[in-house]
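# Sequence and computational prediction follow.
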Amino acid sequence: MTIPQLLLCLSLSMLCISSKPTEKKDRVHHDPQLSDKVHDDAQNFDYDHDAFLGADEAKTFDQLTPEESKERLGKIVSKIDEDKDGFVTVEELKNWIKFAQKRWIYEDVERQWKGHDLNEDGLISWEEYKNATYGYIL
């Protein structure tokens, strides 16, 4: 190996060693947060209420008396207990939280659809979309 080739090899090696590593992209799909509220069990349970009941239902529960809240939660727990053994397992609770979040998503999609389907024909044209989204006048 000649001196110029050796210097070139050495230079390239130094360049590779001293270069900044590339940013590693996160390729994992993360589940969305169950609530936009702060998760702090020591101070409040708003996050848990949103996750357990769904955001809209949690707002309803905030307006109830403690007695009404306890009665309604008892009915919900009966729905969560899939095998009707009188106990709620971690898996049953996870299934319920997923159900509550999916229900909220589907209800939100339905609201959005109705808001964009201005002529209520079950279809959203580009003109309807532009008008509902950007406020264009048809």
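Arrived safely, thanks for sending.

# where do the strands sit along this protein?
In order along the chain, the chain carries no strands (DSSP state E).

# now for the longest helix seen in it, which elements pack on it?
If you go by DSSP state H, the chain has its longest helix at helix 90-116. Counting contacts by 3 or more C-beta pairs under 8 Å, 6 or more residues apart in numbering; DSSP states H and E, helix 90-116 packs against helix 46-53, helix 55-62, helix 66-80, helix 126-134. All C-beta atoms are positioned from the backbone trio N, CA, C, and that covers glycine.

# Just say which of those helices is most tucked in.
Greatest average neighbour count among these goes to helix 46-53 (a mean of 19), per mean count of other C-beta atoms under 10 Å.

# for the helices and strands packed on helix 90-116, which one sits closest to L93?
Nearest to L93, of all the helices and strands packed on helix 90-116, is helix 66-80, at 6.5 Å by C-beta to C-beta.

# mind saving the C-alpha coords of the worst-scoring helix or strand of the chain on mean pLDDT as CSV?
Least confident helix or strand, the chain: helix 3-18 with a mean of 72, by mean pLDDT, DSSP states H and E. Only the C-alpha atoms of helix 3-18 are listed here, as CSV (Å, rounded to 0.1, in the frame of the first residue of the first chain):
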residue,chain,number,x,y,z
ILE,A,3,1.6,6.4,1.4
PRO,A,4,-1.2,8.3,-0.4
GLN,A,5,-3.5,5.2,-0.2
LEU,A,6,-2.6,4.8,3.5
LEU,A,7,-3.3,8.4,4.2
LEU,A,8,-6.6,8.2,2.4
CYS,A,9,-7.6,5.1,4.4
LEU,A,10,-6.6,6.7,7.6
SER,A,11,-8.5,9.9,6.8
LEU,A,12,-11.6,8.0,5.9
SER,A,13,-11.3,5.9,9.1
MET,A,14,-11.0,9.1,11.2
LEU,A,15,-13.9,10.7,9.4
CYS,A,16,-16.1,7.7,10.2
ILE,A,17,-15.0,7.6,13.8
SER,A,18,-15.5,11.3,14.5
